[in-house]
Structures are given as C-alpha cells and as structure tokens.
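Student: Okay, here's the prediction I keep looking at, along with the sequence it came from:
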Amino acid sequence: MSRLTPTRLLTALLCAGLAFSAGAQDRDVRLPDLGSSANALISPQEAQEYGAAMLRQMRALDMVVDDPMLDDYINDLGYRLVSGSEKPKEHFSFFIAKDNIINAFAAPGGYIAVNSGLIIITNSESELAGVIAHEIGHITQNHLQRAFEASKKDTPLVALILLGAIAAGAGAGAGDAAGAIMMGGQGLLMQRQINFTRKDEIEADRAGIQTLSNAGYDPNAMAAFFGRMEDTLRVGSGGDIGDVPALLQDHPVSMDRISDAKARAGALLAQQKQRPNGSTLDKTHWEKSTAPIAFVKDPTAIATRDSKGGLDVYLLMRERVRVLSGDPGQLATYYATNLQNERGFDTPSNRYGYALALIRSNRGAKAVDELQSVLAAHPDSQVIRLAMADAKLQAGRRAEALTLYAELNQQSPRNRAIAMGYAKALTEGGSPDEAKQAATMVMPMLDNNDAPELYRTYARAAEKAGDPVRSGEAYADASYLSGRPFDAMEQLKNLLKRPDLDYYSRARIQARINDLTPLVMELRKRRIQTDDNPDGRSQQLQNGANCQGRLCFSAANAVR
C-alpha cells in the first residue's frame, strides 16, 4: 500500500484530482466547492465556473506559477494542440501548478494544469506536448462526465471516507491520522476506479496521439515519455509503490498500452511526413481554435521571434519554470556549480536560468554579466533581451533598462511579459507621468484576463498616476482573482464611500459588488473559512452529510 502523505491523500480522495504540492502538509488545504447539484451533469458554463474557482483557490494557496511569459508559452502550446483536437471550439485554459511532483491533470471547464516538476523533467517540447495532448483527450472524450456518472453509485462511501479524513486532518499529526482512515476505505473503491481509469487512459492516449500528429508534433512523444518514466521506475524505485512517480500512479502504464501507442503513432507519423507544410498546422486550422487572439494571429509572440533567433524556446521556458518554482538561492548555486564542473552544461538555456536565479536573488549586476555572452550570440532573442532589461533595472541601470523595455514593447506591443516589465520599471522610481504611461499601456490588457499580477501592476501605476478609483478597482479585482473574495468586497465597499465618485465610476463599482455578492453570501451561509474570512468556521461535516445533493463529484472533479 502506498504511503498516504497529505498530497497523496487528497489525490486519492478526488480520484486523481487536484495535484496539490509535495509541501501541502504545511498548508491549510481546502477542497474546491462545486456549489451545484450532484444529481445532474453540470452545464458547460457551470463547469467553467468550477474550473475558474478551482484556479482562484489554488492561487490563494500559492499553488500556481503565475508568470506572464510562462502563461503565454503554455497557452500557446496548449491552443496549438487544441486546434488539432476533435473539439477545437471548446473552452480550454492552461496553467502551471507549482508542484515538484511529476504529474498533470484536467478539470471541468477545460482547465488543464501541468505541474512544474513534470515540465522540468521533460526532454523536449514534444514530450511536454504529449502530456498536454493526453489531458486534452480526457476533455474531448468526455471522461469527466463519465466519471461523474460512474461516481454516483460510490458517493456514499466516498463521502464517509472524505469526512473522516477531514475530521482527522483538523488536529496535529493530520497526515498520519487522515492516512490511517483512508487506508481502511480506499481499497473498497480501488478496483472499480482502476478499471474505469485504464479504459479512459487508453482513449485519452489515442485521442492525444491524433492531436499531436494534427498539430505537427512527433506522435511518438507521448509513448516515449511514459516509457521513459516506466524505465526510471524500473531502475530506481526498488519496488516500493510509494516511490512510483505520481504520473504513473494516476496514469497506469502497461506494455500493451505503450505498444498500442507506438503502433498508432507510427501510422500517423507516416501520414505526417506526407503533409505539405511539414511540421506545422496551416493557418485555416488555427482559426478554428478558441485560442485568444494573441495565440492565433500575433506574429510578434515571444515563441515565434525566439525561434527565428536560433534559440529553443522550450529549453528557455523549462529553465524559467525551474527557477520560478524553486528556491532562487539554491538554484543559483546549482547553476554556478554545474556551469563550472559539468562539461556540456554551458548552454544558452542554462545561462539564462542562472541569470534568472541571480535576479531573483537580488544580484542583478552579476546577472547582467552572465547574460552578455548569450545576448551577443542571440541578439534577436526577446526572452534574453527582456531578462537583460530586468537585470539592468535591478542593477541600478534604470535608463538603459527603460530603453531596452521601450524597444521590446515597440516590437511586441501586446506582449504581457514585456508590458508588465516595462510598466513596473516606469512606475517604480518614476514620475507620475511615467506611471500614467504605464497605466495606459497595461489597461487594454485587463479585458478577459485572470492574472492577478497584471491587475496589481495596473493598480500601482494608476495609484501613482493620481487615479485612486481605478487603482482601487484593480486592487479589488486582483484580490478576487487571488482567491480572496471577502477582501475584494471590502475594498469595493470602501471605494463606494468616496465622495468624489462620478456617476460612471459609482455604477461600475456597484456592478462589481453585485457580481460578488452571491458568492460571498454563499460562503458565509456555509461558514466556510478562508484566509480573508477568518471568522468563518468550516462545516465540511455538515455539508458532507448532504453530499448526494451537492458535493459528491469526487471522481469527476479532475481526471489526470
């Protein structure tokens, strides 16, 4: 029997659900609340609302790598795959979970998360695309809905196990106590769930491999990656189930499954070689996608420009994930040691990773030195040039940094990573006029965007530019998107008390309050405790008693 750490406990409770991080035992982990009936399938709109709520709660727990460059990269990759899937017009959203466990998951509403640990261990973009294509397959094959239907007969038992685990988790030593309770109930559902999962995994493989081929990737990549994980297990685990990578526990792999995937990939690879455009989709197929405009038509996207500059963007983004999800001081030592001692480690991507670690460790001047050689060899790389601007700003060379930001922004005026870096540089240490320039640049990007840091960047700029009302609204939006709805409501109510509000500002703020009110009232009604509502008291036991009418969606919350 595997060791049930709190991470594995929650994963088992959700039947391969949210991939909480390996350090989750030190956090107040709360399960997302559906708020819809479990007696009927949820609508697409409800599914999207659930997925969005899940993402906000994960942000509240600091479980998301929120970075505009990585967001654009993973969504660009994801939507390229979606455009080659069976359902290119369905809603999808891709994000990176801050979790060193090697795994990925799909959730209602087309929300697909890839753990930082999985990205770091991949060897190529095709391998990463293979995992994402597999998760897209779970969505397009309706596995979430099937899991929901299959879970109905199991929900009373799941509820009892869940409630016991939550009760045990309320005190000290929660991991051991909750694990002991789970040990007694998990086996009763295991065989039925494994059989169900294996069928879905094979279906997701087949759909994913077709998606890979349609998107111009190596269709062998999925089987190759799972095979590599299986080889790693065979060599290093010593047979302890607790050492099995989470990816293989939640995506059971057999030789038959790998063989089937390789056979299917071989047939598709032969077809792919006959494609006139080689390895990329034609533009008409892209236009069918639900991708935001930036992922479909923007020729100045970082991924496009850097590929022209001769750098493998995947390798740069892999190191960016490594640095942004880890300890910068330790990583700076990791890069410095390997650059000095390991032959072959001195690559542009590793130099870039080292520079990022230095910047995050407040050593901008040294980061500038490290980036010089890479930038000299790849002067057109927007990724490296943006890192250089960040390093120069931190090193106190603000004028040089602003010049570089301005050049990048002129080349790619819709690029969020560049705009946010430039806006922060203009706002911090700048004049009110510079802050106004920053606010004007960022404001158009707020529409249909759920990145809290983008709203905070705009809020700081608007505040310094002398627009406290717009600033306050943006701070409230950032709080809401960060999983703090009570804080957002309080900020909006305080704004509404300002005597200097004009009619339009008052109407705008009141509309936001009206939108938030049902959510806040429901949380208060259920007395659900959140970081921004410490007076609420969790009543999972009482809520769980009515499980059949509301919450028991356990097998369908997410499918890995």
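Tutor: In hand now; what should we look at?
Student: could you measure Pro432 against Arg470, distance?
Tutor: To Arg470, Pro432 is 14 Å away according to Cβ to Cβ, to the nearest Å. For the C-beta atoms, the positions are set from N, CA and C on the backbone; glycine is no exception.
Student: ditto for Gln382
Tutor: With distances taken as Cβ to Cβ, Gln382 is found 29 Å from Arg470.
Student: got it, and Ala365?
Tutor: As judged by Cβ to Cβ, Ala365 and Arg470 stand 36 Å apart.
Student: Stretch 75-92: end-to-end distance?
Tutor: Taking Cα to Cα, to the nearest Å, stretch 75-92 runs 9 Å from one end to the other.
Student: Show me which positions of that stretch end up buried.
Tutor: For stretch 75-92, the neighbour count (16 or more other Cβ atoms under 10 Å) marks 75-85, 87-88, 90-92 as buried.
Student: can you tell me the average pLDDT over it?
Tutor: Stretch 75-92 comes out with an average pLDDT of 92.
Student: try stretch 102-120
Tutor: Stretch 102-120 comes out at a mean pLDDT of 90.
Student: Helices of the stretch 451-560 of the chain, residue ranges please.
Tutor: Secondary structure of the stretch 451-560 of the chain (DSSP state H, counting those that start in this stretch): helices at 452-464, 468-481, 485-496, 503-525, 540-545.
Student: Domain boundaries for the protein, per the record?
Tutor: With domains defined by automatic domain parsing, the chain comprises 6-295, 307-411, 452-552.
Student: for the chain, which spans come out with low pLDDT?
Tutor: Scanning the chain for pLDDT under 70 picks out the ranges 1-42, 145-197, 231-309, 528-530, 534-560.
Student: now the helices for the stretch 101-250 of the chain?
Tutor: With DSSP H, counting those that start in this stretch, the ranges of helices along the stretch 101-250 of the chain come out as 116-121, 125-140, 143-151, 155-168, 174-214, 221-236, 246-250.
Student: And Gln382 and Arg470? Which one has more around it.
Tutor: Neighbour comparison, Gln382 and Arg470: the larger count goes to Gln382, with 27 against 19 (by other Cβ atoms under 10 Å).
Student: So that one sits against Gln411, correct?
Tutor: Yes: the pair Gln382 / Gln411 is scored as a contact, 7.3 Å apart, by Cβ atoms under 8 Å.
Student: so Phe94 sits in a helix?
Tutor: No: using DSSP: H, G, I helix; E, B strand; the rest coil, the assignment for Phe94 is strand, not a helix.
Student: right, and the secondary structure at the closest residue to it other than its chain neighbours would be what?
Tutor: In space, Phe94 comes closest to Gly78 once its chain neighbours are excluded; the distance is 3.7 Å by Cβ to Cβ, 6 or more residues apart in numbering. Following three-state DSSP, Gly78 is assigned to helix.
Student: What residues does Gly78 make contact with?
Tutor: Applying Cβ atoms under 8 Å, 6 or more residues apart in numbering, one finds that Gly78 lies in contact with 92, 94, 112, 132, 136.
Student: Next, format the residues you listed as a markdown table and append distance to Gln437.
Tutor: What follows is those, written out as a markdown table (distance: Cβ to Cβ, whole Å):
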| residue | distance to Gln437 |
| --- | --- |
| Phe92 | 34 |
| Phe94 | 31 |
| Ile112 | 36 |
| Ile132 | 37 |
| Ile136 | 40 |
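Student: With respect to Arg498, which of those residues is nearest?
Tutor: Phe94 (38.5 Å; Cβ to Cβ).
Student: Relative to Tyr79, how far out is that closest one?
Tutor: To Tyr79, Phe94 is 8 Å away according to Cβ to Cβ.
Student: Next: Val64.
Tutor: Separation of Val64 from Tyr79 (Cβ to Cβ) stands at 19 Å.
Student: Tyr504 now?
Tutor: In terms of Cβ to Cβ, Tyr504 sits 35 Å off from Tyr79.
Student: how about the helices of the stretch 251-400 of the chain, start to end?
Tutor: Taking DSSP H, counting those that start in this stretch as the test, the helices found in the stretch 251-400 of the chain are 255-273, 283-286, 293-296, 302-308, 313-324, 328-341, 348-360, 364-377, 382-394, 398-411.
Student: Distance to Lys436 added to those helices, as JSON lines?
Tutor: Formatted as JSON lines, these follow (distance: least, Cβ to Cβ, whole Å):
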{"stretch": "helix 255-273", "distance to Lys436": "51"}
{"stretch": "helix 283-286", "distance to Lys436": "36"}
{"stretch": "helix 293-296", "distance to Lys436": "25"}
{"stretch": "helix 302-308", "distance to Lys436": "27"}
{"stretch": "helix 313-324", "distance to Lys436": "30"}
{"stretch": "helix 328-341", "distance to Lys436": "32"}
{"stretch": "helix 348-360", "distance to Lys436": "27"}
{"stretch": "helix 364-377", "distance to Lys436": "26"}
{"stretch": "helix 382-394", "distance to Lys436": "19"}
{"stretch": "helix 398-411", "distance to Lys436": "15"}
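Student: among those, which is nearest Leu492?
Tutor: Closest of the helices of the stretch 251-400 of the chain to Leu492 is helix 293-296, at 29.1 Å (criterion: Cβ to Cβ).
Student: For Gly430, which phi and psi angles does the backbone take?
Tutor: Here is the backbone geometry of Gly430 (degrees, to the nearest 10): phi -100, psi -180.
Student: Quick one: end-to-end length of stretch 387-403, please.
Tutor: 13 Å.
Student: nope, stretch 311-330 is what I meant
Tutor: End-to-end distance of stretch 311-330 (Cα to Cα): 26 Å.
Student: Please enumerate residues in contact with it?
Tutor: By Cβ under 8 Å, 6+ apart, the list of residues contacting stretch 311-330 from outside reads 65, 67, 69-70, 73, 96, 98, 100, 116, 119-120, 122, 124-125, 128, 302-303, 306-307, 331, 347-350, 352-353, 356-357, 360-361, 378, 381, 383-384.
Student: If we use 6 Å, what do you get?
Tutor: By Cβ atoms under 6 Å, 6 or more residues apart in numbering, the residues outside stretch 311-330 that reach it are 65, 67, 73, 98, 116, 119-120, 125, 303, 306, 331, 348-349, 352-353, 356-357, 360-361, 378, 381, 383.
Student: For ChimeraX, write a command that selects the buried ones of those.
Tutor: Selecting only the buried entries of these in ChimeraX, with 16+ other Cβ under 10 Å as the criterion:
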select :65,67,73,98,116,119,125,303,306,331,348,349,352,353,356,357,360,361,378,381,383
